[in-house]
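attaching a predicted model along with its sequence, questions to come.
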Amino acid sequence: MSSKLDAGIARAQQLRNRGEYDAACQLLRVVLGAGASAEDCYRVALFIKQTQREHWAYEVCEQALARGLRTPQLLALSGSLAQSMGRFEQARTHLLAAWHAGIDLNEWQVLPALAHTLRYTDSRHPDRTLLESALATSALLPTTRAALHFALGKLHDDCGEPAQAVAHWRGAHVAISEVTRWDAARWQQRVQLAQRAEPIRRCAPAPCTPVLIVGLPRSGTTVLAEQLARGATLVNRGEMPFLLYVHDQLAGQTWHGQEPNEGRALWLAHLRQDDMPAKSHYIDKNPLNLLALETAFALCAETRVIWCHRDRADNALSLWSQSFAHADYAFSHRFEDIARAQDDCTLLRQHAHARWPDRVIDLDYAQLVQTPEATLRDIFAYLGIDPPAGVATTTRSAIGSASLWQARQPVHARSLGRAHDYRAWIPELDGFLDC
């Protein structure tokens, strides 16, 4: 099977590169067939997951598990997929089974993932014992130790125990500092480039409207995207890397012929994909697309931008208390770096409003959670779309960002002013609260 599967994956990769996501996944499901080995099932499910077809990847895992192929890797992958789809009870079952089956915690952080399957009400929950016992073991990578600390921090935070939560969050950042440091110079270079970007040749009108939801993480981008995706003509594609890739190629003068058309074709192909009849609006919620707005408007003049922002102190606390895997978000480990990123984003937001006043609007997180129906109605009107009725409390989308738990809860205002509750334990917040 391996040689046949290798050829199938190569062909599926070609299809995915063209934006034919459904076709790529369906091809592999056929190639896999019945009776495939655990390793082949795992490879196919992982490819399909990376193609953002989590429901199909989950089916592959579940069918393999039902046949008795209960390897630690399949259990862990199935648990991760269930979690991203909001099936939290199933996620817990599989994540715990993977742990008991001997999964390598440095390969799959199944125990930290448990903390994002429920809101704790009692710090004596059995998960605490599991997490603390794992943290006490040796041979853990710094990133794994950090993930365990972040999970324990969430547990204590849920239970209203700020001193214990902060102690674990500080432990997480100490562990991360062993292997990760924010590249502030690279960030500054990209910010300056975004502010002085010269217009590039415009492309012809596009057949759809990209909707960029930008802003620092933990400012409401995921919640907003999920709410907007209820619109009949809107599709949420999650955090896509393609606009930034094209932007970097153009900025570095490495794009073929310095023509934007190839980049536009790539970006739009991965926005539109092949999974449904053509829609009119496609959400790309990569927060860092704020660095590539000049490129976005050049590739597609129809682009619309919703810039999310939040109270500085609440945003700083939320960033600092959350685990981010991507190196671009390493500023979240130090409050002075968070402040710098916030300042730069404010400058970029002001620049965007001056440069494209009719195509960039703001969204205040407080406004979204305090008056969600009115706020969403205004945004739908800005996009020229009829709003659906009410505010959704659930979503069918798979979520892979750090907000996968929060974004599935009913819209609430509990996080407003949260930084004040932590001021006694995190003196670094004083500089944000006084702004």
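Perfect, I can see it now. Everything quoted here is computed from the prediction, not taken from an experiment.

what is the longest helix of the protein by residue count?
With secondary structure taken from DSSP state H, the chain has its longest helix at helix 335-355.

make sure residue 247 is actually in contact with residue 295.
Yes - counting by C-beta atoms under 8 Å, residue 295 is a contact partner of residue 247 at 4.1 Å. Every residue, glycine included, has its C-beta placed from N, CA and C.

doesn't residue 308 fall inside a strand?
Yes - the assignment for residue 308 by DSSP: H, G, I helix; E, B strand; the rest coil puts it in a strand.

hey, what's it bridged with?
residue 363 (DSSP bridges).

so what's it up against?
Residue 308 is in contact with 213, 214, 215, 216, 219, 220, 221, 224, 363, 365, counting by C-beta atoms under 8 Å, 6 or more residues apart in numbering.

what's the pLDDT at it?
For residue 308, the model assigns a pLDDT of 97.

need the contact partners of the longest helix of the chain.
Contacts for helix 335-355 (C-beta under 8 Å, 6+ apart): 182, 184, 187-188, 191, 194-195, 215-216, 290-291, 293-294, 305, 307, 309, 312, 315-316, 319-320, 330-332, 360, 362, 428-429, 431-432.

show the buried residues in these.
For the contacts of helix 335-355, a burial check counting by 16 or more other C-beta atoms under 10 Å picks out 182, 187, 191, 194-195, 215-216, 290-291, 293-294, 305, 307, 309, 312, 315-316, 319-320, 330-332, 360, 428-429, 432.

out of these, list just those in strands.
Under the assignment DSSP state E, the buried ones among the contacts of helix 335-355 contribute 305, 307, 309, 360 to strands.

in a markdown table: these, plus distance to residue 32.
Shown next, in a markdown table, are these (distance: C-beta to C-beta, whole Å):
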| residue | distance to residue 32 |
| --- | --- |
| 305 | 41 |
| 307 | 43 |
| 309 | 45 |
| 360 | 45 |
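
the stretch 251-400 of the chain: helices as residue ranges?
With helices called from DSSP state H, counting those that start in this stretch, the stretch 251-400 of the chain shows them at 260-272, 293-299, 312-320, 335-355, 365-370, 372-383.

mind listing what's buried along the shortest one?
The neighbour-count criterion (16+ other C-beta under 10 Å) identifies 365, 366, 368, 369 as the buried residues of helix 365-370.

surely the second one and residue 311 touch.
Yes - the criterion here is C-beta under 8 Å, and residue 366 meets it with residue 311 at 6.8 Å.

what do the two both touch?
Counting by C-beta under 8 Å, 6+ apart, the residues touching both residue 366 and residue 311 are residue 416.

tell me how far the closest residue to residue 193 other than its chain neighbours lies from residue 270.
The shortest distance from residue 193 to any non-neighbouring residue, by C-beta to C-beta, 6 or more residues apart in numbering, is to residue 251 (6.0 Å). Counting by C-beta to C-beta, to the nearest Å, the separation of residue 251 from residue 270 is 19 Å.

quick check on those two: which one has the bigger neighbour count.
The residue with more neighbours, out of residue 251 and residue 270, is residue 270; 22 against 19, by other C-beta atoms under 10 Å.

per-domain residue ranges of the chain.
Listed domain ranges for the chain are 1-103, 109-179, 184-310+323-429 (source: automatic domain parsing).

using just helix, strand and coil, how would you label residue 218?
Under three-state DSSP, residue 218 falls in the coil class.

nearest residue to it other than its sequence neighbours?
Closest to residue 218 by C-beta to C-beta, 6+ apart is residue 318, at 3.9 Å.

low-confidence regions, this protein specifically.
Within the chain, the segments meeting pLDDT under 70 span 1, 197-201, 252-259, 390-413, 434-435.

how does it look with 50?
Within the chain, the segments meeting pLDDT under 50 span 255-257, 393-394, 404-405, 407.

for the stretch 51-200 of the chain, which segments are assigned as helices?
Under DSSP H, counting those that start in this stretch, the stretch 51-200 of the chain gives helices at 54-66, 72-84, 88-100, 110-114, 126-135, 142-158, 162-177, 184-196.

residue contacts, residue 48?
25, 28, 29, 54, 56, 57, 60.

so the last one touches residue 41, yeah?
Yes - counting by C-beta under 8 Å, residue 60 touches residue 41, with 5.8 Å between them.

these two: which is more packed in?
Counting neighbours by other C-beta under 10 Å for residue 60 and for residue 41 shows that residue 60 has the greater number, 28 against 22.

going by distance to residue 162, which of the contacts of residue 48 wins?
residue 54 (34.4 Å; C-beta to C-beta).

does that closest one touch residue 86 like I think?
No - contact criterion C-beta under 8 Å: residue 54 and residue 86 do not qualify, at 10.5 Å.

got a markdown table for the contacts of residue 308, with distance to residue 416 too?
Shown next, in a markdown table, are the contacts of residue 308 (distance: C-beta to C-beta, whole Å):
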| residue | distance to residue 416 |
| --- | --- |
| 213 | 20 |
| 214 | 21 |
| 215 | 17 |
| 216 | 17 |
| 219 | 13 |
| 220 | 11 |
| 221 | 17 |
| 224 | 16 |
| 363 | 15 |
| 365 | 8 |
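
thanks a lot, catch you later.
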